[in-house]
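this one's structure only:
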Ligand SMILES: O=C(O)C(=O)C[C@]1(C(=O)O)C=C[C@@H](O)C=C1
């Protein structure tokens with residue numbers, strides 16, 4: 001039901017976004033409470049568009065949960081300050097990230113200024129100088145009167161991007177991995193949250209194509225009630241557009257029912273839907289794989305040929321919420337964070353908790369991503385393994401109630417970082433990596449690992465039941481359907497500071513590794 005409501009909200013806002021010009025939509029939010037003694041925060045959130053993509057849907061769900069907190073992670077005295085970012089679609093994942101990086105109000109002002117005619121520019125320059133002069137004089141006066149400390153910026157703008165990161169069926173999203181792996185981009189970002197989105201794909205066609213494909217009903221093959229086509233009707237489709245991830249998540253369906261159709265990878269599922277929708281009135285016998293939201297009249301007005309065509313019914317994509325930190329860090333007096341999803345109170349405290357830990361349910365999850373650049377070939381000497389164990393142990397040591405905690409860590413090598421020696425060798429006639437090693441260049445070339453850590457504070461069943469009795473029902477739970485009262489912040493501090501310590505220390509790492517924290521956040 002919650003997923004249906006979220007989809008409904010996503011569709012409504014996606015509709016608003018397609019109609020507005022420029023395409024930006026304010027995330028709905030409730031209860032903004034300005035914090036009196038700190039600069040106000042505005043935020044811009046860039047996502048892979050066009051409207052109707054899964055990234056857009058994820059952005060609409062996460063945006064109202066983004067709040068500003070004090071540097072130490074505490075809510076301000078007035079409570080959480082809801083940031084309510086404006087949402088902006090970008091044509092590619094890379095463009096969404098770059099837009100967040102370039103999101104500097106001064107740059108925008110410069111751009112506008114450049115378009116002004118010569119005279120206008122001179123006039124503006126004179127006015128600017130005059131304003132600056134007056135400002136200097138005023139500051140001087142205020143300084144003398146002892147008011148200087150009160151003169152602070154009243155607004156700061158924060159730039160965010162929501163990027164698809166990995167999918168439960170088809171694995172890593174390579175464009176996002178490239179951003180996290182590259183030294184230039186990874187040093188300009190901080191991961192501040194994540195969100196899981198259940199992904200159910202439809203095969204969409206234009207109305208004309210739907211009409212042309214649909215065979216007349218017979219008693220043997222009555223039409224499916226909701227307008228879906230029969231599987232036999234799909235054999236005339238010549239082309240299927242979608243994002244590479246979505247094509248991969250529906251591979252078995254495509255192999256079985258559309259073997260004749262060319263698969264065309266485009267920048268997003270929404271991009272595929274736009275191509276299908278722009279075909280005019282004639283049947284094109286082309287299809288796209290996208291969300292049901294894209295079929296709506298207010299979005300791209302397409303027909304649903306088949307629903308739920310993904311190979312696994314539990315298909316889920318994880319997105320990372322990334323803040324562009326270039327040049328900002330110094331001025332920033334607060335952190336942005338994502339509130340956990342709230343759950344309706346359980347209907348009965350007797351219902352059994354779910355989760356992998358027999359008798360326990362997850363309570364708080366803290367995640368971290370660390371980037372390690374090393375010159376050792378394929379984890380030489382297993383140092384990475386040792387480091388992961390070390391991190392896990394340090395994490396555990398920090399827990400006040402060790403019995404209630406679980407810590408895990410895992411690493412992924414980013415294969416798309418091509419070793420330099422190999423690139424050069426290939427120019428010289430295609431030598432392999434091993435040849436590079438034999439030529440005495442050492443068994444080393446740069447490679448990048450992304451290490452992920454997760455610490456969960458687990459609430460034991462008996463504790464949970466006790467807390468139900470004490471508090472008369474839960475307020476928040478994990479996304480796994482777990483029940484219980486999850487108000488307490490126990491565990492968050494210890495887990496996050498433990499992770500902090502764990503990845504800052506480089507004890508078991510051989511020298512020469514560059515370890516960079518990409519982010520630590522509380523996940524829901
Ligand atoms: O194309 C979209 O709709 C996206 O938001 C991208 C993306 C991805 O890259 O994984 C997001 C969710 C689905 O897994 C399919 C595609």
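Perfect, I can see it now. Please read these numbers as outputs of a predicted model, since none were measured by experiment.

Low-confidence bits of the stretch 201-350 of the chain, can you list those?
Residue ranges of the stretch 201-350 of the chain with pLDDT under 70: 217-225, 279, 326-334, 342-350.

brain fart, the stretch 51-200 of the chain
Along the stretch 51-200 of the chain, segments meeting pLDDT under 70 span 70-79, 104-120, 141-155.

let's go with 50 and repeat that
105-116, 146-153 (pLDDT under 50).

any idea which helix is longest in the chain?
helix 118-144 (DSSP state H).

any idea how far residue 517 lies from residue 449?
According to C-beta to C-beta, to the nearest Å, residue 517 and residue 449 sit 14 Å apart. Backbone N, C-alpha and C define where each C-beta goes, glycine included.

Between these two, tell me which one has more neighbours.
Legend: neighbour count by other C-beta atoms under 10 Å for residue 517 and residue 449, higher for residue 449 (20 against 15).

Tell me what the more buried one is bridged to.
Assessed by DSSP bridges, residue 449 has beta-bridge partners residue 372, residue 413.

likewise the one 5 residues further on?
Beta-bridge pairing for residue 454 (DSSP bridges): residue 367, residue 408.

Just confirm it contacts residue 520, I think it does.
No: applying C-beta atoms under 8 Å, one finds residue 454 not in contact with residue 520, separated by 10.8 Å.

Report the set of residues contacting both of these two.
Residues touching both residue 454 and residue 520 (C-beta atoms under 8 Å, 6 or more residues apart in numbering) are 366, 367, 368.

If we only consider those, which is nearest to the ligand?
Ranked by distance to the ligand (C-beta to the nearest ligand atom), the shared contacts of residue 454 and residue 520 are led by residue 367 at 18.7 Å.

who are the neighbours in contact with that closest one?
194, 452, 453, 454, 520, 521, 522, 523.

Report how many residues lie close to the third one.
Using other C-beta under 10 Å, residue 453 has 24 neighbouring residues.

Now do the helices in the stretch 201-350 of the chain.
Counting by DSSP state H, counting those that start in this stretch, the stretch 201-350 of the chain has helices at residues 207-213, 244-249, 251-257, 269-277.

any chance of those helices in JSON lines, plus distance to the ligand?
Formatted as JSON lines, those follow (distance: least, C-beta to the nearest ligand atom, whole Å):
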{"stretch": "helix 207-213", "distance to the ligand": "21"}
{"stretch": "helix 244-249", "distance to the ligand": "4"}
{"stretch": "helix 251-257", "distance to the ligand": "13"}
{"stretch": "helix 269-277", "distance to the ligand": "4"}
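
Against residue 68, how distant is the nearest residue to residue 45 once chain neighbours are set aside?
Spatial nearest neighbour of residue 45, excluding adjacent residues (C-beta to C-beta, 6 or more residues apart in numbering): residue 85 at 4.0 Å. According to C-beta to C-beta, residue 85 stands 11 Å off from residue 68.

quick one: which of the two has more around it?
More crowded of residue 85 and residue 68, by other C-beta under 10 Å: residue 85, with 27 against 24.

one step back: residue 454 and residue 520: which is more packed in?
Counting neighbours by other C-beta under 10 Å for residue 454 and for residue 520 shows that residue 520 has the greater number, 21 against 18.

Kindly identify which of the contacts of residue 367 also come near the ligand.
Among the contacts of residue 367, proximity to the ligand is found for none (C-beta under 6 Å from any ligand atom).

Now for these: which two are most distant?
Spatial extent of those (C-beta to C-beta) is set by the pair 452 and 522 at 14.7 Å.

Residue 184 - that's part of a helix, no?
Yes: the assignment for residue 184 is a helix, going by DSSP: H, G, I helix; E, B strand; the rest coil.

What about the residue lying closest to residue 227 once chain neighbours are set aside, how many residues nearby?
Excluding the flanking residues, the one nearest residue 227 by C-beta to C-beta, 6+ apart is residue 304, at 6.4 Å. Neighbour count for residue 304, taken as other C-beta under 10 Å: 17.

My read is that residue 304 contacts residue 291, right?
No: Residue 304 sits out of contact with residue 291 when judged by C-beta under 8 Å, with a separation of 10.6 Å.

how close does the nearest residue in space to residue 170 that is not next to it in sequence sit to residue 368?
Excluding its sequence neighbours, the residue lying closest to residue 170 (C-beta to C-beta, 6+ apart) is residue 248, at 3.8 Å. Distance from residue 248 to residue 368, counting by C-beta to C-beta: 27 Å.

Of these two, give the one with the bigger neighbour count.
The residue with more neighbours, out of residue 248 and residue 368, is residue 368; 25 against 18, by other C-beta under 10 Å.

Now do the same contact list for residue 371.
180, 181, 186, 448, 449, 450, 451, 514, 515, 516, 518.

between the residues you listed, which is nearest residue 338?
Among these, and counting by C-beta to C-beta, the member closest to residue 338 is residue 518, at 15.7 Å.

number of nearby residues for the closest one?
Counted with other C-beta under 10 Å, residue 518 comes out at 20.

tell me which element it is part of?
strand 514-523 (DSSP states H and E).

Neighbouring strands - and their directions - for that strand?
When sheet partners are counted by DSSP bridges, strand 514-523 sits next to strand 360-376 (antiparallel).

circling back: please say which of residue 452 and residue 522 ends up with more neighbours.
Per other C-beta under 10 Å, whichever of residue 452 and residue 522 has more neighbours is residue 522, with 21 against 16.

What does the pLDDT read for the more buried one?
We note a pLDDT of 81 for residue 522 in this prediction.

With residue 6 instead?
Note on residue 6: pLDDT of 45.

do the same with the one 4 residues further on
The confidence metric pLDDT takes the value 48 at residue 10.

Pull the number of nearby residues for the closest residue to residue 215 other than its chain neighbours.
In space, and not counting its chain neighbours, residue 215 is closest to residue 233: 5.6 Å by C-beta to C-beta, 6+ apart. The number of residues packed near residue 233 is 19, by other C-beta under 10 Å.

and residue 233, what does it touch?
Contacts of residue 233 by C-beta under 8 Å, 6+ apart are 213, 214, 215, 305.

ok, so of those residues, who is nearest the ligand?
Set against the ligand, the nearest of the contacts of residue 233 by C-beta to the nearest ligand atom is residue 305 (17.9 Å).

Counting neighbours, what do you get for the closest one?
Residue 305 has 25 nearby residues by other C-beta under 10 Å.

That one is in contact with residue 287, isn't it?
Yes: using C-beta under 8 Å, residue 305 is in contact with residue 287, at 6.2 Å.

Can you check which residues contact both of these two?
By C-beta under 8 Å, 6+ apart, the residues touching both residue 305 and residue 287 are 203, 204, 205, 237.

what two of the residues you listed are the furthest from one another?
204 and 237 (11.1 Å).

Between these two, which has more neighbouring residues?
Between residue 204 and residue 237, residue 204 has the larger neighbour count (other C-beta under 10 Å), namely 30 against 22.

Leaving out chain neighbours, which residue sits closest to that one?
Nearest to residue 204 is residue 302, by C-beta to C-beta, 6+ apart, at 4.3 Å.

which residues touch the one you found?
204, 205, 206, 207, 273, 276, 277, 288, 294, 295.

ranges for the strands of the stretch 201-350 of the chain?
Ranges of strands in the stretch 201-350 of the chain, per DSSP state E, counting those that start in this stretch, are 202-205, 239-243, 262-266, 286-290, 303-306, 316-324, 334-338.

the inter-axis angle of the last one versus strand 514-523?
So that's strand 334-338. Angle between the axes of strand 334-338 and strand 514-523 is 60 degrees (criterion: axes from the mean of the first three to the mean of the last three C-alpha atoms, to 10 degrees).

So which elements touch strand 334-338?
When contacts are defined as 3 or more C-beta pairs under 8 Å, 6 or more residues apart in numbering; DSSP states H and E, strand 334-338 packs onto strand 40-48, strand 66-70, strand 189-198, strand 514-523.
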